[in-house]
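J.: sequence first, predicted coordinates after that:
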Amino acid sequence: LEAKNHFLEWEVKHAYKSPDCFKKLAITINGKSPGPTIYAQQGDTVVVNLTNSLPTENVALHWHGIRQIGTPWSDGTEGVTQCPIMPGDNFTYTFVVDRAGTYLYHAHYGLQISAGLYGFIIVSVPDRVREPFVYQQDESIILKDWYHNSTYEQATGLSSIPFSWVEEPQSLLINGRGRFNCSLLNESPTSDSNICNERNPECYDRYSLNVHYGEAFRLRIGSLTSLSALSFEIEGHNMTVVEADGNYVEPFETKNLYINSGETYSVLVKADQDSSRNYWITTNVVSREPSTPTGLAIFNYYPNPPDKDPPTVPTTGPLWNDTASQLAQSRAIKAHHDFVHKPPLISDRVIVLLSTQNLIDGYYRWSLNNRSLVLPHTPYLIALKENFTDAFDQNPPPDSYDIHNYDIFSAPGPDNVNATSSNAIYRISFNTTVDIILQNANTMTPNHSETHPWHMHGHDFWVLGYGMNKFDKEKDPATYNLKDPIMKNTVPLYPYGWTALRFQADNPGVWIFHCHIEPHLFMGMGIVFEAGVEMVGTLPTSIMGCGETKRLIRP
Ligand SMILES: O=C1O[C@H]([C@@H](O)CO)C(O)=C1O
């Protein structure tokens, strides 16, 4: 059977949207937020011709979980793999979806995920290939936190003195739908009553998942929240987790699924409850003290009306600060016994990344080993291929931090002058095995440490383990799961804890590894690494046009 090509024409443009009844300027694809779902089969080629119709703003689109083997210039990461797509310009992304599974796409520029530029990529198995579970129906739910102020105000606050944090979102959206309580706004009679209006045709009914009694279905759940870690549940129904980030999971049952920004899961659900009524589908903020109401959708048993509210009070989810239960679920996620990819037993290099919040020149920034990432004007991929050594700092960042003296439990004071902004990158020998130990610490607020979902481009990594407190390089590696670790592309780092990963640097290119909380990446929370860039083929000139690359495309 032949692989297919999918040709998609996408126009990125502004539109007023009211997904939770509050009218907001959003960034859409062909007028939609979330954008269209890409459905393809393993081995197919996806071609997206993107036109940037934003009048005053650049754009870039990342294909999250797609490794871009042989096409590192299609990764869609502005400053790393391409110049941004300017207003009025267009750019063609071409890539192979080489593995079945549940993936995402989203903007990789500014705070455009927060503005609504996101969607699903669903890749089915080849014909005649069986998955390790059966289901009658394949459904999907994409989760989003939603802010009412503009992403321009947010970006300004994050990059100003005094610092102004984005705070908690106003709504949680399930498949792009929520319902904000407009009466909370206290609108004066003179204010525009169209700002928040439940009769607005854009303010839809709740999303409704329609099932027949007795059926089993697969539910794909993806999160592209800007900030919030979430718990997801279907009232009265347990879920069996079977897929994580495109990899089959040794099945386990749970009442609620924890999901961080950038993660995808598939769960199996049996419609075996009282079919004379509907049930709530709920999502709640965890990890940060919530002030956002529960996100709601309806689990609808045929033949009840799809929009009929269930007779019960919606579930409020687990305690937001029950880190132990989140950690327990993370540890329960292992590779399916028939789909174990064994990691190499030893690594060639260990990079320990201490994650801290610091003041740099009075600005709030996040740093890894005291380096806060700022992207250069010349994308790394082009700078490295063309040997533009002035394009970024050529001294590599450190592989560790001052482990003996740094106290991860105390807030770095404003007098911490060690952290600096940097565009330096890690150079990794091609095809070597690398461990990354993510080490969490206290923020600048006393007795406060946060959860960060870390996402790697171009690779899946093995999740070797999680622990609390300071990673001990003598003792903790003995606890690694080298037998059946799950492979993922996004993994949580818990408060005051560590997460250990291993990956094979086998994909030639330049890749970013970063916190998937969009404002945190904006504040420098990421690293960039290169491996095998000399093996990358001829770069398309369409990725050029900014920084020093201008000289490459002039005759
Ligand atoms: O980056 C962040 O800044 C704030 C707070 O730490 C300082 O206001 C917060 O909660 C973050 O996640």
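T.: That came in fine, so what should we check first?
J.: which parts of the protein sit against the ligand?
T.: Residues of the chain lying close to the ligand (C-beta under 6 Å from any ligand atom) are W165, Q357, T443, T445, E450, H520, M523. Bear in mind the C-beta positions are built from the backbone N, C-alpha and C, glycine included.
J.: among the residues you listed, which ones are in helices?
T.: H520 (DSSP state H).
J.: now the buried members of the residues of the chain next to the ligand.
T.: Q357, T443, E450, H520, M523 (16 or more other C-beta atoms under 10 Å).
J.: want to throw the residues you listed into TSV with pLDDT?
T.: Below are those laid out as TSV (pLDDT from 0 to 100):
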residue	pLDDT
Q357	96
T443	96
E450	98
H520	98
M523	98
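J.: what about the helices in the stretch 1-150 of the chain?
T.: Taking DSSP state H, counting those that start in this stretch, the stretch 1-150 of the chain contains no helices at all.
J.: just the strands in it please.
T.: 5-17, 24-29, 38-41, 45-52, 61-64, 90-96, 101-107, 118-124, 137-146 (DSSP state E, counting those that start in this stretch).
J.: go through those strands and pick out the most buried.
T.: strand 61-64 (a mean of 26; mean count of other C-beta atoms under 10 Å).
J.: other SSEs contacting that one?
T.: Strand 61-64 is packed against strand 45-52, strand 90-96, strand 101-107, with contacts defined by 3 or more C-beta pairs under 8 Å, 6 or more residues apart in numbering; DSSP states H and E.
J.: chain center to the last one: distance?
T.: On the basis of C-alpha atoms, centre = their mean, to the nearest Å, the separation between the geometric centre of strand 101-107 and that of its chain is 8 Å.
J.: related to what we said a few turns ago, closest one of the buried ones among the residues of the chain next to the ligand to D138?
T.: H520 (32.8 Å; C-beta to C-beta).
J.: doesn't W366 make contact with the closest one?
T.: Yes. Using C-beta atoms under 8 Å, H520 is in contact with W366, at 5.5 Å.
J.: can you lay out the helices and strands packed on strand 61-64 as JSON lines showing mean pLDDT?
T.: Compiled in JSON lines, the helices and strands packed on strand 61-64 are given as follows (pLDDT from 0 to 100):
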{"stretch": "strand 45-52", "mean pLDDT": "98"}
{"stretch": "strand 90-96", "mean pLDDT": "98"}
{"stretch": "strand 101-107", "mean pLDDT": "99"}
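J.: could those strands go into a markdown table alongside distance to L143?
T.: Conversion of the helices and strands packed on strand 61-64 to a markdown table gives the following (distance: least, C-beta to C-beta, whole Å):
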| stretch | distance to L143 |
| --- | --- |
| strand 45-52 | 23 |
| strand 90-96 | 24 |
| strand 101-107 | 11 |
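J.: out of those strands, which gets nearest to H237?
T.: Among these, if distance is taken as C-beta to C-beta, the winner is strand 101-107, at 19.6 Å.
J.: give the other helices and strands that the closest one contacts.
T.: strand 61-64, strand 118-124, strand 216-223, strand 264-270.
J.: residues contacting D75?
T.: Shown in contact with D75 (C-beta atoms under 8 Å, 6 or more residues apart in numbering): H62, W63, Q68, T81, Q82, H457, G458, G509, W511.
J.: out of those residues, the closest to P169 would be?
T.: H62 (21.3 Å).
J.: ok, that closest one to D272 distance?
T.: 39 Å (C-beta to C-beta, to the nearest Å).
J.: S291 against L172, yeah?
T.: No. Using C-beta under 8 Å, S291 is not in contact with L172, being 11.6 Å away.
J.: does K13 have beta-bridge partners, and which?
T.: T28 (DSSP bridges).
J.: in contact with it, which residues?
T.: I27, T28, G31, S53, L54.
J.: contacting residues for the residue in the stretch 51-200 of the chain that the ligand sits nearest to?
T.: The ligand sits closest to W165 of the stretch 51-200 of the chain, with a gap of 4.2 Å, by C-beta to the nearest ligand atom. Going by C-beta under 8 Å, 6+ apart, W165 touches G157, L158, P519.
J.: how far away is the second one from E386?
T.: This means L158. 32 Å.
J.: these two: who's more crowded?
T.: L158 (20 against 16; other C-beta atoms under 10 Å).
J.: low-confidence regions, this structure specifically.
T.: 1, 186-193, 414-416, 554-555 (pLDDT under 70).
J.: what about the longest helix in it?
T.: helix 323-332.
J.: who touches that helix?
T.: By C-beta under 8 Å, 6+ apart, helix 323-332 touches 229, 241, 252, 254, 257-258, 286-287, 318, 451, 463, 466, 468, 491-492, 494-495, 497.
J.: point to the residue nearest the middle of the chain.
T.: Centroid check for the chain by C-alpha atoms, centre = their mean gives G262 as the closest residue, at 2.1 Å.
J.: wait, what's in contact with it?
T.: H64, L104, S223, L224, P453, H455, N489, T490, H516.
J.: do a quick rundown of the strands in the stretch 301-450 of the chain.
T.: 349-360, 363-368, 371-373, 420-422, 426-428, 433-439.
J.: what's the closest of the ones you listed to D322?
T.: Here strand 433-439 is closest among the strands of the stretch 301-450 of the chain (C-beta to C-beta), at 20.9 Å.
J.: what strands flank the closest one, and is each parallel or antiparallel?
T.: strand 349-360 (parallel), strand 497-504 (antiparallel).
J.: so which of those strands is nearest D245?
T.: Closest among the strands paired with strand 433-439, using C-beta to C-beta: strand 497-504, at 12.6 Å.
J.: okay, the angle between the closest one and helix 323-332?
T.: 20 degrees (axes from the mean of the first three to the mean of the last three C-alpha atoms, to 10 degrees).
J.: does I122 have beta-bridge partners, and which?
T.: Y39, T102.
J.: so it is in contact with R220, correct?
T.: Yes. Checked against C-beta under 8 Å, the pair I122 and R220 is within contact range at 6.6 Å.
J.: name the residues contacting each of those two.
T.: Residues touching both I122 and R220 by C-beta under 8 Å, 6+ apart: T102, S140.
J.: and the buried ones among the residues of the chain next to the ligand, which is closest to V47?
T.: H520 (32.0 Å).
J.: any idea how far the closest one lies from G526?
T.: 8 Å.
J.: residue contacts, the residue nearest to L354 when sequence neighbours are not counted?
T.: Once flanking residues are discounted, L354 sits nearest to Y401: 4.0 Å by C-beta to C-beta, 6 or more residues apart in numbering. Shown in contact with Y401 (C-beta under 8 Å, 6+ apart): V352, L353, L354, N369, N370, Q439.
J.: same list, these, but as CSV with neighbour count and distance to G246 please.
T.: Below are the contacts of Y401 laid out as CSV (neighbours: other C-beta atoms under 10 Å; distance: C-beta to C-beta, whole Å):
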residue, neighbour count, distance to G246
V352, 20, 27
L353, 26, 24
L354, 23, 29
N369, 21, 30
N370, 21, 34
Q439, 26, 27
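J.: out of these, the closest to R99 would be?
T.: Nearest to R99 among these, with distances taken as C-beta to C-beta, is L353, at 27.0 Å.
J.: hmm, that closest one is touching L438, no?
T.: Yes. At 5.5 Å, L353 counts as touching L438 under the criterion of C-beta under 8 Å.
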